[in-house]
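*Asks:* Provided below for reference: sequence and predicted model.
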Amino acid sequence: MQYGILIYRDESRDGEFDWPQIEADYEAYFKRATESGILQHGPRFDVSSATRTVKVRDGRRSVTDGPSNDTREQLAGVFVLECRDLDDALDWAAQCPGAAHGVVEVRPLLPGA
(Lines give C-alpha, C1' and ligand atoms only; values in the text may rest on other atoms or scores of the structure.)
Protein backbone atom coordinates (compact mmCIF):
# COMPACT_ATOMS: atom_id res chain seq x y z
CA MET A 1 0.00 0.00 0.00
CA GLN A 2 1.19 3.52 -0.71
CA TYR A 3 1.56 6.14 2.00
CA GLY A 4 2.18 9.85 1.72
CA ILE A 5 4.86 11.04 4.11
CA LEU A 6 4.43 14.75 4.84
CA ILE A 7 7.26 16.56 6.60
CA TYR A 8 6.57 19.74 8.54
CA ARG A 9 9.09 22.07 10.15
CA ASP A 10 9.10 25.36 11.99
CA GLU A 11 11.11 27.54 9.59
CA SER A 12 11.66 30.14 12.32
CA ARG A 13 13.95 27.59 14.03
CA ASP A 14 16.07 26.85 10.94
CA GLY A 15 19.10 28.63 12.43
CA GLU A 16 19.17 26.14 15.32
CA PHE A 17 20.05 23.14 13.18
CA ASP A 18 23.16 21.77 11.49
CA TRP A 19 21.74 21.76 7.95
CA PRO A 20 24.73 20.10 6.27
CA GLN A 21 24.27 17.19 8.69
CA ILE A 22 20.51 17.10 8.13
CA GLU A 23 21.09 17.06 4.34
CA ALA A 24 23.51 14.14 4.78
CA ASP A 25 20.95 12.36 6.98
CA TYR A 26 18.25 12.82 4.32
CA GLU A 27 20.59 11.59 1.59
CA ALA A 28 21.30 8.43 3.61
CA TYR A 29 17.59 7.98 4.39
CA PHE A 30 16.55 8.30 0.74
CA LYS A 31 19.34 5.95 -0.30
CA ARG A 32 18.06 3.29 2.13
CA ALA A 33 14.47 3.81 1.00
CA THR A 34 15.47 3.65 -2.69
CA GLU A 35 17.60 0.52 -2.21
CA SER A 36 14.75 -1.15 -0.30
CA GLY A 37 12.41 -0.41 -3.23
CA ILE A 38 9.81 1.50 -1.20
CA LEU A 39 10.55 5.07 -2.31
CA GLN A 40 8.20 5.96 -5.15
CA HIS A 41 9.01 9.66 -5.49
CA GLY A 42 9.85 12.58 -3.26
CA PRO A 43 10.27 16.14 -4.50
CA ARG A 44 11.71 18.79 -2.20
CA PHE A 45 9.82 21.99 -1.48
CA ASP A 46 11.15 25.53 -1.31
CA VAL A 47 10.51 27.59 1.85
CA SER A 48 6.94 28.58 2.66
CA SER A 49 7.58 32.23 1.73
CA ALA A 50 7.83 31.04 -1.90
CA THR A 51 4.31 29.57 -1.66
CA ARG A 52 1.24 31.07 -3.28
CA THR A 53 -2.28 30.07 -2.30
CA VAL A 54 -5.09 30.10 -4.87
CA LYS A 55 -8.82 30.32 -4.12
CA VAL A 56 -11.71 30.66 -6.52
CA ARG A 57 -14.89 32.21 -5.15
CA ASP A 58 -17.85 33.16 -7.32
CA GLY A 59 -15.72 32.44 -10.38
CA ARG A 60 -12.99 34.90 -9.36
CA ARG A 61 -9.44 33.84 -8.67
CA SER A 62 -7.65 35.15 -5.61
CA VAL A 63 -3.92 34.61 -5.04
CA THR A 64 -2.21 35.27 -1.72
CA ASP A 65 1.41 34.93 -0.66
CA GLY A 66 2.30 32.11 1.70
CA PRO A 67 0.71 28.85 2.74
CA SER A 68 -3.03 28.45 3.23
CA ASN A 69 -2.77 27.90 6.98
CA ASP A 70 -1.06 30.21 9.43
CA THR A 71 0.64 27.63 11.61
CA ARG A 72 3.91 27.35 13.48
CA GLU A 73 5.07 24.49 11.24
CA GLN A 74 5.21 24.64 7.45
CA LEU A 75 5.01 21.83 4.93
CA ALA A 76 8.63 21.19 3.97
CA GLY A 77 8.36 18.14 1.77
CA VAL A 78 6.32 15.15 0.77
CA PHE A 79 7.16 11.76 -0.64
CA VAL A 80 5.43 8.48 -1.35
CA LEU A 81 6.43 5.10 0.04
CA GLU A 82 5.17 1.67 -0.97
CA CYS A 83 4.99 -0.17 2.37
CA ARG A 84 3.68 -3.55 3.55
CA ASP A 85 1.28 -1.93 6.00
CA LEU A 86 0.77 1.06 8.27
CA ASP A 87 3.26 -0.20 10.86
CA ASP A 88 5.95 -0.41 8.18
CA ALA A 89 5.12 3.13 7.02
CA LEU A 90 5.29 4.39 10.61
CA ASP A 91 8.69 2.75 11.07
CA TRP A 92 10.00 4.50 7.95
CA ALA A 93 8.45 7.80 9.09
CA ALA A 94 10.22 7.51 12.44
CA GLN A 95 13.54 7.07 10.60
CA CYS A 96 12.95 10.23 8.54
CA PRO A 97 15.34 13.01 9.64
CA GLY A 98 12.39 15.41 9.72
CA ALA A 99 10.93 13.55 12.69
CA ALA A 100 13.92 14.66 14.80
CA HIS A 101 13.42 18.39 14.23
CA GLY A 102 9.83 18.70 13.02
CA VAL A 103 6.75 16.56 12.52
CA VAL A 104 6.17 13.73 10.05
CA GLU A 105 2.61 12.86 9.06
CA VAL A 106 1.76 9.49 7.52
CA ARG A 107 -1.31 9.35 5.31
CA PRO A 108 -2.55 6.33 3.33
CA LEU A 109 -3.13 7.03 -0.37
CA LEU A 110 -6.35 5.93 -1.96
CA PRO A 111 -6.06 3.10 -4.48
CA GLY A 112 -5.48 4.34 -8.01
CA ALA A 113 -4.26 7.74 -6.77
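*Replies:* The structure has been received and is ready for your questions. Numbers count the residues shown, from 1 in each chain.
*Asks:* chain neighbours aside, what residue packs nearest to His101?
*Replies:* Phe17 (5.7 Å; Cβ to Cβ, 6 or more residues apart in numbering). To be clear about C-beta, it is placed using only N, CA and C from the backbone, and glycine gets the same treatment.
*Asks:* okay, now that neighbour: neighbour count?
*Replies:* A count of nearby residues for Phe17, using other Cβ atoms under 10 Å, gives 14.
*Asks:* and it, how far from Pro67?
*Replies:* 20 Å (Cβ to Cβ, to the nearest Å).
*Asks:* all strands of this protein, in order?
*Replies:* 2-9, 39-41, 52-57, 60-65, 74-82, 103-108 (DSSP state E).
*Asks:* for Leu90, find the nearest of those.
*Replies:* Leu90 lies closest, by Cβ to Cβ, to one member of the strands of the chain: strand 103-108, at 5.9 Å.
*Asks:* by contact count, what packs against the closest one?
*Replies:* Where contact means 3 or more Cβ pairs under 8 Å, 6 or more residues apart in numbering; DSSP states H and E, strand 103-108 is packed against strand 2-9, helix 86-95.
*Asks:* show me what the first one is packed up against.
*Replies:* The reference is to strand 2-9. strand 74-82, helix 86-95, helix 98-101, strand 103-108.
*Asks:* need these in TSV (columns: mean pLDDT and distance to Tyr3).
*Replies:* Below are the helices and strands packed on strand 2-9 laid out as TSV (pLDDT from 0 to 100; distance: least, Cβ to Cβ, whole Å):
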stretch	mean pLDDT	distance to Tyr3
strand 74-82	91	5
helix 86-95	96	4
helix 98-101	91	14
strand 103-108	94	5
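*Asks:* in a markdown table: these, plus mean neighbour count and distance to Arg52.
*Replies:* Formatted as a markdown table, these follow (neighbours: other Cβ atoms under 10 Å; distance: least, Cβ to Cβ, whole Å):
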| stretch | mean neighbour count | distance to Arg52 |
| --- | --- | --- |
| strand 74-82 | 19 | 14 |
| helix 86-95 | 15 | 28 |
| helix 98-101 | 16 | 23 |
| strand 103-108 | 16 | 22 |
